[in-house]
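Student: Structural data only, the sequence is not supplied:
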């Protein structure tokens, strides 16, 4: 039982880390898209 609990905590921490990374990547993608749009607008 103790080993199972440790494994559950480990997988939970991994999932949260992946979730945080996913959110950061999504924010970066949005920022890059916004910069591209403003850059295109400046050129036009």
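Tutor: Nice, thanks for sending it over. In this text, all values refer to a predicted model and were calculated from it rather than measured experimentally.
Student: In terms of helices and strands, where is residue 40?
Tutor: helix 2-43 (DSSP states H and E).
Student: what mean pLDDT does that helix have?
Tutor: Averaged across helix 2-43, the pLDDT comes to 74.
Student: So that it lines up with my notes, have the first residue be 398 from now on.
Tutor: Renumbered: residue one is now 398, and that last one reads helix 399-440.
Student: State the distance from residue 430 to residue 440.
Tutor: 16 Å (CB to CB, to the nearest Å). C-beta here means a position set from N, CA and C on the backbone, and glycine is covered the same way.
Student: Pull the number of nearby residues for residue 412.
Tutor: For residue 412, the neighbour count with other CB atoms under 10 Å is 10.
Student: mind checking how far it is from residue 431?
Tutor: 29 Å.
Student: try residue 422
Tutor: 15 Å.
Student: about what we covered before: more neighbours, residue 430 and residue 440?
Tutor: residue 430 (10 against 6).
Student: show me what contacts residue 432?
Tutor: Going by CB atoms under 8 Å, 6 or more residues apart in numbering, residue 432 touches no other residue.
Student: And it, how far from residue 422?
Tutor: With CB to CB as the criterion, residue 432 and residue 422 are 16 Å apart.
Student: just residue 440 next, same as before
Tutor: Relative to residue 422, and taking CB to CB, residue 440 is found at 27 Å.
Student: What of residue 428?
Tutor: For residue 428, the distance to residue 422 - CB to CB - is 11 Å.
Student: Please apply the same query to residue 412.
Tutor: For residue 412 relative to residue 422 (CB to CB), the value is 16 Å.
Student: do the same with residue 416
Tutor: For residue 416 relative to residue 422 (CB to CB), the value is 11 Å.
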